[in-house]
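Colleague: sequence-free structure coming up:
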């Protein structure tokens, strides 16, 4: 754990409204779908900033297997 302290990782992901619109539909929400510039509802940021990983590279929790960074 001490070796992970102070380490940071940055990631860039365009905030494509299609992901928010897809989540809106998946959750069966009523009302207008999100468009560019709309604030995201709480916790919707999790649909962005993810890395595609093959299953063998994932840990039990769905995150990339442990290494030098603690999510």
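Modeller: That came through fine. Treat the numbers as computed from the prediction; the structure is a model and nothing was measured.
Colleague: helix/strand/coil for the residue nearest the centre of the chain?
Modeller: Nearest residue to the geometric centre of the chain (Cα atoms, centre = their mean): residue 46, 3.2 Å. Classification of residue 46 using DSSP: H, G, I helix; E, B strand; the rest coil returns helix.
Colleague: if I pick residue 36, what's in contact with it?
Modeller: Counting by Cβ atoms under 8 Å, 6 or more residues apart in numbering, residue 36 touches 15, 17. Quick note: C-beta positions are derived from backbone N, CA and C, even for glycine.
Colleague: next, give phi and psi for it.
Modeller: phi -50, psi 130 (degrees, to the nearest 10).
Colleague: ok, it to residue 45 distance?
Modeller: Distance, residue 36 to residue 45, using Cβ to Cβ, to the nearest Å: 16 Å.
Colleague: same check on residue 22?
Modeller: Using Cβ to Cβ, residue 22 is found at 15 Å from residue 45.
Colleague: ok, residue 54 next?
Modeller: Using Cβ to Cβ, residue 54 is found at 24 Å from residue 45.
Colleague: higher neighbour count, the two?
Modeller: Legend: neighbour count by other Cβ atoms under 10 Å for residue 54 and residue 45, higher for residue 45 (11 against 6).
Colleague: got a pLDDT number for the more buried one?
Modeller: At residue 45, the pLDDT value in this model is 88.
Colleague: repeat that for the one 4 residues further on.
Modeller: For residue 49, the model assigns a pLDDT of 82.
Colleague: what residues are up against it?
Modeller: 11, 13 are the contacts of residue 49 under Cβ under 8 Å, 6+ apart.
Colleague: what score does residue 9 have for pLDDT?
Modeller: For residue 9, the model assigns a pLDDT of 75.
Colleague: for residue 28, same thing?
Modeller: pLDDT for residue 28: 97.
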